[in-house]
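**Student:** sequence unavailable; structure follows:
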């Protein structure tokens, strides 16, 4: 993990870090009935702690060549749980979906000088945990080609969002296609996301308003079974 940040309207604040590596773990369990194309899985991803050397500057800190204010910022990426399922609903037709919980309420980035400038505010933090819901349907067209469509939803929590993460909820639609030719399997997909409107603050006062934003994403995966 590494980062750079600049928030000019907070006393000309900026920060850079030295990269840090953390270690976590993933555990899970699954139940499957192949004759019905049924599968349910539960996966836990642990939190991962990072201790990041951070150099901060502002209007109160002499400019280079002064070394800036150097401290260690502790950041813990949040733990999460995924519950996923699929089941056959008709010949060559599959219903799938899942729920993901992420403990974003415990995520906080508070470099020492930024907290001092803002009276204890966090550089990045989130007030609530996030639940993400996904539901979709897949259809096998023949032995080679399959298609799928899905929808994803995250509820907006309201209140102020982080200045460096100005989103609040989302809704997205996705389409995918899979080509299988043993032992190769190629999957490609595209999704469009309507990003929830958000307002941000500094010291409890309105800092910015973000509205009518969207995102377009494309992905591809190539796998070989052996």
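**Tutor:** Right, received. Where do you want to start? From a predicted model like this one, the values you see are computed outputs, not experimental measurements.
**Student:** what sits against the residue nearest the centre of the chain?
**Tutor:** For the chain, the residue nearest the mean C-alpha position is residue 102 (8.9 Å; CA atoms, centre = their mean). Contacts for residue 102 (CB atoms under 8 Å, 6 or more residues apart in numbering) come out as 78-80, 129-130, 132. For the C-beta atoms, the positions are set from N, CA and C on the backbone; glycine is no exception.
**Student:** residue furthest from the geometric center of the protein?
**Tutor:** Relative to the centre of the chain, the most outlying C-alpha is that of residue 65, 36.6 Å out, by CA atoms, centre = their mean.
**Student:** make sure I have this right: that residue is in a helix.
**Tutor:** No. Under DSSP: H, G, I helix; E, B strand; the rest coil, residue 65 falls outside any helix and is assigned coil.
**Student:** for stretch 48-62, which positions count as buried?
**Tutor:** Residues of stretch 48-62 classed as buried by neighbour count (16 or more other CB atoms under 10 Å): 48, 50, 52, 54-58, 61.
**Student:** okay, these in TSV with secondary structure, distance to residue 173 and pLDDT next?
**Tutor:** TSV is the format used below for the buried residues of stretch 48-62 (DSSP: H, G, I helix; E, B strand; the rest coil; distance: CB to CB, whole Å; pLDDT from 0 to 100):
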residue	secondary structure	distance to residue 173	pLDDT
48	strand	31	97
50	strand	34	96
52	strand	36	95
54	strand	39	95
55	strand	42	95
56	strand	41	95
57	strand	43	94
58	coil	43	93
61	coil	47	89
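**Student:** which two of these have the greatest separation?
**Tutor:** 48 and 61 (30.2 Å; CB to CB).
**Student:** could I get the full set of helices for the protein?
**Tutor:** For the chain, applying DSSP state H gives helices covering 112-117.
**Student:** contacts only, for the nearest residue to residue 122 once chain neighbours are set aside.
**Tutor:** Excluding its sequence neighbours, the residue lying closest to residue 122 (CB to CB, 6 or more residues apart in numbering) is residue 110, at 4.6 Å. Contacts for residue 110 (CB under 8 Å, 6+ apart) come out as 73, 121-123, 125.
**Student:** where does pLDDT dip in the chain?
**Tutor:** 203 (pLDDT under 70).
**Student:** hmm, back to that, what pairs with the residue nearest to the centre of the chain across the strands?
**Tutor:** Beta-bridge partners for residue 102, by DSSP bridges, are residue 80, residue 130.
**Student:** and it, how far from residue 135?
**Tutor:** 18 Å (CB to CB, to the nearest Å).
**Student:** try residue 221
**Tutor:** Taking CB to CB as the measure, residue 221 falls 21 Å from residue 135.
**Student:** these two touch, right, residue 101 and residue 133?
**Tutor:** No. Residue 101 is beyond contact range of residue 133, at 10.4 Å (criterion: CB atoms under 8 Å).
**Student:** before we move on, the earlier item: can you name the two of the contacts of residue 110 that are farthest apart?
**Tutor:** Using CB to CB, the two most remote members of these are 73 and 121, lying 14.1 Å apart.
**Student:** higher neighbour count, the two?
**Tutor:** residue 73 (22 against 18; other CB atoms under 10 Å).
**Student:** measure that one to residue 64 for me?
**Tutor:** 21 Å.
**Student:** how deep is residue 12 tucked in, by neighbour count?
**Tutor:** Residues near residue 12, counting by other CB under 10 Å, number 15.
**Student:** contacting residues for it?
**Tutor:** Counting by CB under 8 Å, 6+ apart, residue 12 has contacts 57-59.
**Student:** what are the phi and psi angles of it?
**Tutor:** phi 60, psi 30 (degrees, to the nearest 10).
**Student:** alright, calling it a day.
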